[in-house]
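1. sequence unavailable; structure follows:
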């Protein structure tokens, strides 16, 4: 039962919470062990809260998920996880997450509470509204970045990074919708109701808006952002971002590849190598120059 | 008289609201002198743009008679006498333009430029691919510039001009796309320029201007001079993004987009988003 509970907590999605470390890394605070330790604890908080939201979502959607070809295998609809366990889990995770957040700081706890509310609000309500659904996902990403910058006590965190993070989140969310539409075809609305409102032509347009916006925002960050070296060497990281987005767009055209859109982020070797190189280049430029 | 007014298309006058942009963004919304001047400028622009429609309908009268909808227009249907319209077209523009110069010489010049460019549009440029949408955008920029001249704006960000141009291009391209998707042979005859556009080309151009709009607006929220230092203006980016996405959605999924003025008064989410944007902008500019 405990194993099923962990599965229902969807640990894979905790990866998204890594956005929290943006402020720490880009605020040149990675060498401060206290802040790093606090950030790691804060990361755990966000993971617990996100998992609590997933459990609540699965509890509410249980009946509907039973009719869904893929979702009916989830622990709750499949009956492998009892309702009482899931409910108890959600309450425990939520309250532990929020209490630890409170110990870390009042402002951080406030951001966490909003984050939890947004995550629950998304799965219960906003997920069915065209456009609003992806924007709420982006909002959750911004809140992760905000949470990180509250914990890292960032004073000069570049606003461009917020813009980048939100456009990137929109990019990922829209790409995911597009990929689902491509893979599932006419069955897509049964999998996700809101897909009935999107067409692939509309998604292509929206994706192109956020792709170019992300690139420009990132480029502007590389020369205007706080803490970037005077010699503009941060501009050297632009090609990685460009390649990463182009590669992702390419993967989104392929209906034959296994796995969901996000899984490609950790599965596709060229993309993974590119992202690691980008990370290494950023760290080297920020900390060694 | 009433038919004359219909020919001047009061519905299209909402476009002239762009005159108020300078007043709003130059923090003069509560300065009564400038408000009065801008309202006067707005009225003058409405009459001026109305007379362009009048001239346009006069020249297109034969073509409009072939069009399923446009043949109900007052001139094409004969409800408005040609002589009336001709008299109005000759008399109204000079009568409107002269007070423009009295309000503010620069405003007068801009109004004159607007009038001439709109006439060029009606008499030929509307049939030249790409130039047609650029001219429409120019019309919007001139409206904003007119407002800036009347309000004697000092701190008006150049980014606003860029945003307005791109936004106007977006609306114009959206309109072309809508006309093209709802196309029948008749429409093609009516708007020759549509033969030059294809849905793919329009989609690419729209993608270009929508992303540029979002970026220009983001840059405005950071780098314009008279904004609060705490970057609170950034909070308005999501509304702009939502409205643009919503508009794209209406164009793609609902085949709307043909008449921006209809969407402006019909689609509830779009209206709410725009109102929220306006409220937040006013709050940030004036309360902080």
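-> Great, that's in hand. Given the structure is predicted, the values throughout are model-derived calculations rather than measurements.

2. and the helices in the stretch 51-200 of chain B, which stretches?
-> Along the stretch 51-200 of chain B, the segments classed as helices by DSSP state H, counting those that start in this stretch run B:61-66, B:74-77, B:82-103, B:105-122, B:131-150, B:158-181, B:185-190, B:199-223.

3. pick out the shakiest of those helices, pLDDT-wise.
-> When the helices of the stretch 51-200 of chain B are compared on average pLDDT, helix B:185-190 comes out lowest at a mean of 63.

4. I figured residue A:289 hits residue A:234, correct?
-> No. The pair residue A:289 and residue A:234 does not pass the contact test of C-beta atoms under 8 Å, sitting 9.1 Å apart. Placement of C-beta: from N, CA and C, glycine included.

5. related to what we said a few turns ago, switch the helices of the stretch 51-200 of chain B over to JSON lines; also include distance to chain A.
-> As requested, those are arranged in JSON lines below (distance: least, C-beta to the nearest C-beta, whole Å):
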{"stretch": "helix B:61-66", "distance to chain A": "32"}
{"stretch": "helix B:74-77", "distance to chain A": "35"}
{"stretch": "helix B:82-103", "distance to chain A": "38"}
{"stretch": "helix B:105-122", "distance to chain A": "27"}
{"stretch": "helix B:131-150", "distance to chain A": "17"}
{"stretch": "helix B:158-181", "distance to chain A": "10"}
{"stretch": "helix B:185-190", "distance to chain A": "21"}
{"stretch": "helix B:199-223", "distance to chain A": "4"}
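
6. could you point out which element follows the helix or strand hosting residue A:120?
-> Counting by DSSP states H and E, the element that carries residue A:120 is helix A:106-124. Following helix A:106-124 in sequence order, the next helix or strand is helix A:132-151 (DSSP H and E).

7. let me know the average pLDDT across that next one.
-> Taken as a whole, helix A:132-151 has an average pLDDT of 93.

8. what's it packed up against?
-> Contacts of helix A:132-151 with other secondary structure elements, assessed using 3 or more C-beta pairs under 8 Å, 6 or more residues apart in numbering or on different chains; DSSP states H and E, are made with helix A:22-26, helix A:33-60, helix A:106-124, helix A:159-184, helix B:237-253.

9. and those: which comes nearest residue B:176?
-> helix B:237-253 (10.6 Å; C-beta to C-beta).

10. list the buried residues for the closest one?
-> Using 16 or more other C-beta atoms under 10 Å in any protein chain shown as the burial criterion, the residues of helix B:237-253 that qualify are B:237-252.

11. from the residues you listed, which two are the most distant?
-> Using C-beta to C-beta, the buried residues of helix B:237-253 reach their maximum pairwise distance at B:237 and B:252, which is 22.3 Å.

12. next, residue B:124: phi, psi?
-> The phi and psi values for residue B:124, taken as degrees, to the nearest 10, are phi 170, psi -40.

13. correction: residue B:128
-> Recorded main-chain torsions at residue B:128 are phi -100, psi 120, according to degrees, to the nearest 10.

14. what distance do you get for it to residue B:200?
-> Relative to residue B:200, residue B:128 is positioned 20 Å away (C-beta to C-beta, to the nearest Å).

15. looking at these two now, which is surrounded by more residues?
-> Just comparing residue B:128 and residue B:200: by other C-beta atoms under 10 Å in any protein chain shown the higher neighbour count belongs to residue B:128, 14 against 9.

16. out of everything not next to it in sequence, what's closest to that one?
-> Leaving aside its sequence neighbours, residue B:128 sits nearest to residue B:193 (C-beta to C-beta, 6 or more residues apart in numbering or on different chains; 7.0 Å).

17. ok, the one you found touching residue B:130?
-> No. Residue B:193 is beyond contact range of residue B:130, at 9.1 Å (criterion: C-beta under 8 Å).
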